[in-house]
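[1] pasting a predicted model and its sequence here:
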Amino acid sequence: MESAWQRFQPKGWDEYSLLDSGDGMKLERFGAVTVIRPEVTAIWHPALSRGEWKAQANAEFVQDGARSGHWKTYTKVPEHWTVTYDQRPLRLTFRLQLTRFKHVGLFPEQAANWHFIHQQVERLGQGAKVLNLFAYTGGASLAAKAAGAEVTHVDSIRQVVDWTHSNMELSKLEGIRWVVEDALKFVQREAKRGNRYHGIIMDPPTYGIVPGKGSRKWKLEDQLQNLLSSAGKLLEREHFVVLNTYSGLANSTLETMVRQAMPVANTACGDLILASDTGQLLATGSCLRASNAM
């Protein structure tokens, strides 16, 4: 078994830039729109002044409490706009908007994973089946589909799945299978049905509410081992796994849990990193990649 620590960092994305960060905030450009958003891990001092930030920003997310807030606009911001990720062999287009949860519909640090997913699908060849759980607006789903995979995209929120469908069309792709369901329940049912996948991608939330009758709270530390064990039953002999978390769990913890739950030979753990134009390295989350042939 082999393991390695890595820095997972996207590079060369013309339509996205982390302009600066610090004092618990980040200044980002998504295409034609520049926003200021909270970022708890940016505990250093920013390189630019507050005045320089506001001079560049079109909008700022202002927190009203621990988990709520609103957008304050400084210029007119379109209801929707698009950005394109164009790094061979991938060309993916995303529709963005200001949401009430401070997100805009894209986690740019995930671009580092899209190439790995594309390469793994190409390695596995024609007929590779990929399952994307907690799939949000679908960058990983699009990367797998662009490589020719049969993709199943699972998210519990209908509006988010519809959003991904729009991104698929903008990216000139087709044929993704959409599932609106709780990810853990879906995985457990797939195991009973005997279905198998060559690639499983998971981006579980730290906290949440499981939708449906008798809704219950989701806490990652309580549910992750069950999720991994259930997902491990779906893996084909030739496979790959991507696990992202934004919970603060140590990389070594993720590796231990994945190795216990899944038949993986090689793993690479590390931080999801965004490098700012002013020199900071912003760690946004943790990532584990695993396969039986990397």
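    Good, I have the coordinates. Numbering: from 1, shown residues only.
[2] going forward, measure contacts between C-alpha atoms and count neighbours the same way
    OK.
[3] residues in contact with Ala149?
    Counting by C-alpha atoms under 8 Å, 6 or more residues apart in numbering, Ala149 touches Val121, Gln126, Gly127, Ala128, Lys129, Val130.
[4] I meant to write Val187 there.
    Leu227, Ser230, Ala231, Leu234.
[5] so which of the residues you listed are in helices?
    Filtering the contacts of Val187 for membership in helices, criterion DSSP state H, returns Leu227, Ser230, Ala231.
[6] and of the residues you listed, the nearest to Arg196?
    Among the ones in helices among the contacts of Val187, Ala231 lies closest to Arg196 (C-alpha to C-alpha), at 9.5 Å.
[7] excluding its backbone neighbours, what's nearest the closest one?
    Residue nearest to Ala231 in three dimensions, not counting chain neighbours: Val187, with 6.1 Å by C-alpha to C-alpha, 6 or more residues apart in numbering.
[8] got phi/psi on that neighbour?
    phi -60, psi -40 (degrees, to the nearest 10).
[9] do Thr84 as well
    Backbone geometry at Thr84, expressed as degrees, to the nearest 10, gives phi -120, psi 140.
[10] what pLDDT is listed against the residue of the chain positioned farthest from its centre?
    Distance from the C-alpha centroid of the chain peaks at Gly51, with 31.3 Å (C-alpha atoms, centre = their mean). pLDDT recorded at Gly51 is 97.
[11] element containing it, please.
    Gly51 belongs to helix 50-56 when assigned by DSSP states H and E.
[12] state whether Gln260 is indeed within a helix.
    Yes: assessed by DSSP: H, G, I helix; E, B strand; the rest coil, Gln260 belongs to a helix.
[13] just the helices from the stretch 101-250 of the chain, written as ranges.
    Ranges of helices within the stretch 101-250 of the chain are 111-124, 139-146, 158-170, 183-193, 220-232, based on DSSP state H, counting those that start in this stretch.
[14] JSON lines please, covering the ones you listed and showing mean pLDDT and distance to Ser17.
    Formatted as JSON lines, the helices of the stretch 101-250 of the chain follow (pLDDT from 0 to 100; distance: least, C-alpha to C-alpha, whole Å):
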{"stretch": "helix 111-124", "mean pLDDT": "96", "distance to Ser17": "12"}
{"stretch": "helix 139-146", "mean pLDDT": "98", "distance to Ser17": "17"}
{"stretch": "helix 158-170", "mean pLDDT": "96", "distance to Ser17": "20"}
{"stretch": "helix 183-193", "mean pLDDT": "95", "distance to Ser17": "31"}
{"stretch": "helix 220-232", "mean pLDDT": "91", "distance to Ser17": "30"}
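[15] need the winner for burial among those helices.
    Across those, the average number of neighbours (mean count of other C-alpha atoms under 10 Å) peaks for helix 139-146, which reaches a mean of 27.
[16] now do that helix against helix 158-170, angle only.
    Angular relation of helix 139-146 and helix 158-170 on a 0 to 180 degree scale: 40 degrees, by axes from the mean of the first three to the mean of the last three C-alpha atoms, to 10 degrees.
[17] show me what helix 139-146 packs onto, helices and strands only.
    With contacts defined as 3 or more C-alpha pairs under 8 Å, 6 or more residues apart in numbering; DSSP states H and E, helix 139-146 has these neighbours: strand 90-96, helix 111-124, strand 129-133, strand 150-155.
[18] repeat the analysis, applying 10 Å as the threshold.
    The contact analysis (3 or more C-alpha pairs under 10 Å, 6 or more residues apart in numbering; DSSP states H and E) places helix 139-146 against strand 90-96, helix 111-124, strand 129-133, strand 150-155, helix 158-170, strand 197-202.
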